[in-house]
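# 3D, please:
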Amino acid sequence: MQKEKKLLEPEIDMERLEAPDAGDFARRMAEGQDHSDLLLRGIQAAGLDLAGFSWTGCRFERCRLSGAQMQGSHFSNVVFAGCDFSNVKMGECVFSRVRFEGCKLTGAALYAGGFNNVRFSGCTCDYISLTEAQARGLDFADCLLAEARLDGLTGTLHGFEGCDLRRATLYGTSLAGLDLRSADISGAALGEKELKGATVSSLQAVELARLLGVKVKD
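Numbers count the residues shown, from 1 in each chain. Reported below is the predicted structural model:
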């Protein structure tokens, strides 16, 4: 996966955003699936069926979406800040110019999704699944990705700077061109094919050599 120069940022006009309260939010969800220019703060949507919805130019802050059904949804120019997506179902969603900032995504299912200019920063993503996702600019920074399913990712992956990838599964995901020196890849499930072209530290090289069955002797 070759690294592009820079991810495109979400374009959100903060002056245009409407901030619905809980009642107005529930009404809007019941009336339609296409939503734009919303500022959602502290919304409690845990377990709700929001599958197939479209969100454009929206900002979510401290919203609880744990366990929600959001499969097949589209997100364009969206920011999620401090939101809880634990065990959310978001398979086959399309994300374009989206940021996840300080969010909790433990056990979240984002398999087979499309990720175009998407960044996860400072997020808790242990046990997350992005299996078979297609990336056109996907980046992780300072995220907990322990035991994550990141296998079969294709396209453009930017990196895992400062990430915890212990025991993560990366089979079938090329790490070519990525600098993994600041990431913890202890016990990660990956092989020579996935690592080809990646940059690792000397300590990581020793760990990986053992993982691949290579004997290291002085």
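# mind listing what's buried in the helix or strand of the chain with the lowest mean pLDDT?
The helix or strand of the chain with the poorest confidence is helix 202-211; it has a mean of 82 (mean pLDDT, DSSP states H and E). The neighbour-count check on helix 202-211 (16 or more other CB atoms under 10 Å) flags 204, 207, 208, 211 as buried. Every residue, glycine included, has its C-beta placed from N, CA and C.
# kindly report the same for stretch 116-130.
Going by neighbour count (16+ other CB under 10 Å), the buried part of stretch 116-130 is 116-121, 123-130.
# and the residue most central in space within the chain, what pLDDT?
Centroid check for the chain by CA atoms, centre = their mean gives residue 120 as the closest residue, at 5.2 Å. Per-residue confidence at residue 120 stands at 98 (pLDDT).
# what residues does the helix or strand containing it touch?
Per DSSP states H and E: residue 120 is located in strand 114-121. Strand 114-121 is contacted from outside by 7-9, 93-103, 105, 130, 133-143, 155, 158, using CB atoms under 8 Å, 6 or more residues apart in numbering.
# buried ones only from these, please, as a PyMOL command.
To isolate the buried ones among the contacts of strand 114-121 in PyMOL, judged by 16+ other CB under 10 Å, type:
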select buried, resi 7+93+94+95+96+97+98+99+100+103+105+130+133+134+135+136+137+138+139+140+141+143+155+158
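# dig out what the residue nearest to residue 149 when sequence neighbours are not counted forms beta bridges with.
Residue nearest to residue 149 in three dimensions, not counting chain neighbours: residue 129, with 4.1 Å by CB to CB, 6 or more residues apart in numbering. When bridges are called by DSSP bridges, residue 129 pairs up with residue 109, residue 149.
# quick one, what contacts residue 129?
Applying CB under 8 Å, 6+ apart, we find residue 129 in contact with 108, 109, 110, 111, 148, 149.
# any idea how far it lies from residue 76?
Remark: distance between residue 129 and residue 76 (CB to CB, to the nearest Å) = 22 Å.
# and for residue 15?
19 Å.
# if you count what's nearby, which of these two comes out ahead?
Using other CB atoms under 10 Å as the criterion, residue 15 and residue 76 rank with residue 76 on top: 18 against 6.
# could you check how far that one is from residue 21?
Using CB to CB, residue 76 is found at 24 Å from residue 21.
# and residue 30, what element?
Using DSSP H and E, residue 30 maps to helix 22-31.
# show me the contact partners of that helix.
Outside helix 22-31, the residues that reach it (CB under 8 Å, 6+ apart) are 20, 35, 40, 43, 44, 45, 48, 50, 53.
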